[in-house]
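[1] I would like to see how this sequence folds:
(chains A and B)
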Amino acid sequence: MGHHASSADIDRQVKTYILIFVTLLVLTMVTVAVSRLHLPVAGAVAVALIVASIKGSLVAGYFMHLLSERKLIYWVLGFTVAFFLAVLLLPLWTHFDPITN
Amino acid sequence: MEIPYTVAERPDTGLNNGKIGIWLFLASEVMLFGALFATYLMMRTGAVTWPRGDSILNVPLATINTVVLISSSVTMVMAWASLKRNDFGKFRLFMGLTVLAGFGFLGIKYVEYTTKFHHGLFPSTNTFLAIYFTLTGLHGLHVIGGMAINAYLWGPGSKLWKTNPEHFTNRVENSGLFWHFVDLVWIFLFPILYLL
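    Predicted coordinates:
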């Protein structure tokens, strides 16, 4: 974003920012409320990560303007996500393939 | 010699240099935090027992800090939008609020840390606290870094607005991208460390 945005565009975006702000606050309260239900670990992790991912997507998409970014940035982030997932999954791989005597 | 493409978009990428630079930097930051998240994952899945974060940490304070950081993301983007509207006064207001929110976040973190130390809970106490202090400490350093840049743009760095407003607006946008990233990292740290 930022590519030649007009004043009217900015006004519209400001309204969107406020809406996203309220949504993020509500989702924060949802995260805390769900944690108090003391769900089984797998369910609690799933809910917490799904809500965090939605919040993260809103921040990246609107505040960081990723929804209207240039193609090169998407390529950079695509590679980053691939390597990030590899780094996260490698330890899990070792966990499911333990050394046994 | 003037550096090219600080304002104009490069013909090959459609982006100015600063924008490409900050996104590449953020990509490296994702890997830095990614390595620590992976460490957390390995330690947690490999541990016989693992405490729930809320049995050790202060969830209400962390919730307030989450709200503070989310609010600062909004004021940051409003600071940038104010420059796009040619309203420098509003920019100063919103950027000032963003820096103040950073101080608020660090103040609450200070209370959390000192309370833990007071109760004899240190990084060396157990694996959970080791990864907690490492992740939140590194995140805190990022908050300090972002505040320093934002404070510079609020103060002495804002002189550029008079001579080259577009370049200054780009700097604020790039600084904002870093600040939003810091917010984004916290959005994941909060549930992972405090609530699970």
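
[2] contacts only, for the residue most central in space within chain A.
    Nearest to the mean C-alpha position of chain A, counting by C-alpha atoms, centre = their mean, stands residue A:56 at 2.7 Å. Neighbouring residues of residue A:56 by C-beta atoms under 8 Å, 6 or more residues apart in numbering or on different chains: B:184, B:187-188. (Glycine included, C-beta is placed from N, CA and C.)

[3] can you tell me which of the residues you listed are in strands?
    Per DSSP state E, strands hold no members of these.

[4] most neighbours among those, which one is it?
    For the contacts of residue A:56, the largest number of neighbours (other C-beta atoms under 10 Å in any protein chain shown) sits with residue B:187, at 26 neighbours.

[5] what sits closest to that residue if chain neighbours are left out?
    Nearest non-adjacent residue to residue B:187, counting by C-beta to C-beta, 6 or more residues apart in numbering or on different chains: residue A:55, 4.8 Å away.

[6] ramachandran angles for residue B:9?
    Dihedral pair for residue B:9: phi -80, psi 140, per degrees, to the nearest 10.

[7] got any ranges where chain B has weak pLDDT?
    Chain B contains no residues with pLDDT under 70.

[8] show me where it has helices.
    With DSSP state H as the criterion, chain B has helices at B:17-46, B:59-84, B:88-118, B:127-154, B:160-163, B:165-189.

[9] okay, the ones you listed in CSV with distance to residue B:196 next?
    As requested, these are exported to CSV (distance: least, C-beta to C-beta, whole Å):
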stretch, distance to residue B:196
helix B:17-46, 9
helix B:59-84, 11
helix B:88-118, 18
helix B:127-154, 11
helix B:160-163, 44
helix B:165-189, 11
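
[10] any idea how far the lowest-mean-pLDDT helix or strand in chain A is from the middle of the chain?
    Least confident element among the helices and strands of chain A, by mean pLDDT, DSSP states H and E: helix A:71-95 (a mean of 91). Its chain's C-alpha centre and that of helix A:71-95 lie 14 Å apart, by C-alpha atoms, centre = their mean, to the nearest Å.

[11] what is that helix packed up against?
    helix B:17-46 (3 or more C-beta pairs under 8 Å, 6 or more residues apart in numbering or on different chains; DSSP states H and E).

[12] how far off centre is the helix it packs on?
    With C-alpha atoms, centre = their mean, you get 13 Å for helix B:17-46.

[13] tilt between that helix and helix B:165-189?
    10 degrees (axes from the mean of the first three to the mean of the last three C-alpha atoms, to 10 degrees).

[14] what about helix B:17-46, near chain A?
    Yes - with C-beta under 8 Å from any C-beta of the partner chain as the criterion, chain A is reached by helix B:17-46 at B:19-20, B:23-24, B:27, B:30-31, B:34-35, B:37-39, B:41-42, B:45-46.

[15] now do that helix against helix B:127-154, angle only.
    Using the same axes, to 10 degrees: helix B:17-46 against helix B:127-154 is 170 degrees.
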